[in-house]
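*Asks:* Sequence plus predicted model, see below.
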Amino acid sequence: MILTEVQGRAGVIRLNRPAALNALCDQLMGELGEALGRFDADPAIAAIVLTGSERAFAAGADIKEMQNRRFPGTYLHDFIGARWEAVLTVRKPVIAAVAGFALGGGCELAMMCDLILAAETAKFGQPEINLGIIPGAGGSQRLTHAIGKSKAMEMVLTGRMMNAEEAERAGLVARVVPAESLVSEAVALAEKIGGLSAPAVAMAKEAVNAAFELPLREGVRLERRLFLGLFGTEGQKEGMAAFLEKRKPRF
Ligand SMILES: CC(C)=CC(=O)SCCNC(=O)CCNC(=O)[C@H](O)C(C)(C)COP(=O)(O)OP(=O)(O)OC[C@H]1O[C@@H](n2cnc3c(N)ncnc32)[C@H](O)[C@@H]1OP(=O)(O)O
């Protein structure tokens with residue numbers, strides 16, 4: 001259900017369950033967690049690209065698998081839990097490359113990544129309300145952080161989908177690119193990141209993500225500690241020396 005390949009410094013993970021529009025079943029999420037862990041541990045990989053098919057990044061959690069779940073069983077054996085949040089434990093940048101549907105858990109998975117590149121065909125939505133439930137993998141929180149209360153509320157309350165252009169305008173996605181160059185653009189981004197100082201990249205990711213979890217003052221304190229810590233790295237010495245010597249840095 002998952003295909004992986006290495007393209008330059010990028011570890012590319014493709015969700016591959018076409019008959020169900022990449023519905024995120026238990027097996028797929030297990031394979032995804034394993035692939036993320038493998039690329040995160042591989043020193044040759046600078047960043048991870050997570051993508052789906054032309055038709056769907058992922059159409060959400062598997063409704064067939066969820067249909068007969070009952071409370072309190074779901075509460076005692078939280079089927080979202082750590083398995084769904086594997087992407088949040090990855091230290092390297094994770095780029096979601098989204099074409100087609102990113103709905104429900106698919107939208108939530110994309111939002112757990114560090115940034116989203118969207119094809120012109122991308123459609124984002126939290127349609128759980130149509131199933132008699134609400135988002136359960138962070139959608140009500142991350143979508144609201146990303147696009148603000150009114151737009152998020154409208155999408156969560158009505159299940160309305162947002163196209164790529166609107167998603168870019170609203171700040172949900174970093175950039176919209178032609179569908180045919182979606183993965184190559186994401187890989188190019190990973191290559192660019194791969195040419196930078198690895199400790200600076202890791203700390204930049206940590207600092208930006210902290211903005212979602214910490215109050216401003218604590219976030220700024222964390223940023224300051226990380227910033228000061230970078231003066232102990234070779235990357236800072238090389239980066240500043242290269243600038244002053246008017247040459248490209250070699251990290
Ligand atoms: C994370 C948590 C806690 C919750 C969730 O994610 S809940 C799920 C939220 N997602 C949705 O509600 C989207 C459900 N899917 C759709 O609305 C539609 O499939 C569509 C709008 C994405 C595409 O519609 P289209 O008419 O183009 O295609 P379909 O014939 O409907 O789908 C093809 C094929 O895929 C199966 N499918 C699609 N989504 C799911 C899903 N989330 N879970 C399980 N299966 C899914 C669909 O049943 C159909 O399969 P069959 O050909 O076997 O009928």
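*Replies:* Done, it's in.
*Asks:* Regarding Gly136, what is its secondary structure?
*Replies:* For Gly136, the assignment made with DSSP: H, G, I helix; E, B strand; the rest coil gives coil.
*Asks:* Ok, Val176 next?
*Replies:* strand.
*Asks:* ok, Pro249 - contacts?
*Replies:* Ser197, Glu238, Gly239, Ala241, Ala242, Phe243 (C-beta atoms under 8 Å, 6 or more residues apart in numbering). For the C-beta atoms, the positions are set from N, CA and C on the backbone; glycine is no exception.
*Asks:* For burial, what's the neighbour tally of the fifth one?
*Replies:* Just to be clear, that refers to Ala242. 14 (other C-beta atoms under 10 Å).
*Asks:* now Glu245
*Replies:* Other residues lying near Glu245 total 9 when counted by other C-beta under 10 Å.
*Asks:* Kindly report the same for Ser197.
*Replies:* Neighbours of Ser197 (other C-beta under 10 Å): 19.
*Asks:* Against Thr233, how distant is it?
*Replies:* From Ser197 across to Thr233, the span is 6 Å (C-beta to C-beta, to the nearest Å).
*Asks:* and what of Pro127?
*Replies:* In terms of C-beta to C-beta, Pro127 sits 45 Å off from Thr233.
*Asks:* And Thr74, by the same measure?
*Replies:* 45 Å.
*Asks:* got CSV for the contacts of Pro249, with distance to Asn163 and pLDDT too?
*Replies:* Shown next, in CSV, are the contacts of Pro249 (distance: C-beta to C-beta, whole Å; pLDDT from 0 to 100):
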residue, distance to Asn163, pLDDT
Ser197, 37, 97
Glu238, 43, 98
Gly239, 39, 98
Ala241, 46, 98
Ala242, 42, 98
Phe243, 41, 98
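*Asks:* The ligand next: which of those residues are close?
*Replies:* For the ligand, no contacts are drawn from those by C-beta under 6 Å from any ligand atom.
*Asks:* And the helix or strand Ile95 falls within, what does it pack against?
*Replies:* Here Ile95, judged by DSSP states H and E, is contained in strand 94-98. Judged by 3 or more C-beta pairs under 8 Å, 6 or more residues apart in numbering; DSSP states H and E, the packing partners of strand 94-98 are strand 47-51, strand 56-58, helix 105-112, strand 115-119, helix 182-194.
*Asks:* Around the ligand, which positions in the chain sit nearby?
*Replies:* For the chain, the residues in contact with the ligand (C-beta under 6 Å from any ligand atom) are 20-21, 23, 59-64, 80, 101, 103-105, 108, 127-128, 131, 136-137.
*Asks:* and with 8 Å instead?
*Replies:* Residues of the chain lying close to the ligand by C-beta under 8 Å from any ligand atom are 19-21, 23-25, 55-56, 59-66, 80, 84, 101, 103-106, 108, 125-128, 130-131, 133, 135-137, 139, 159.
*Asks:* Tell me which entries of the residues you listed lie within strands.
*Replies:* Ala56, Phe101, Leu103, Gly125 (DSSP state E).
*Asks:* Which among those residues count as buried?
*Replies:* Ala56, Phe101, Leu103, Gly125 (16 or more other C-beta atoms under 10 Å).
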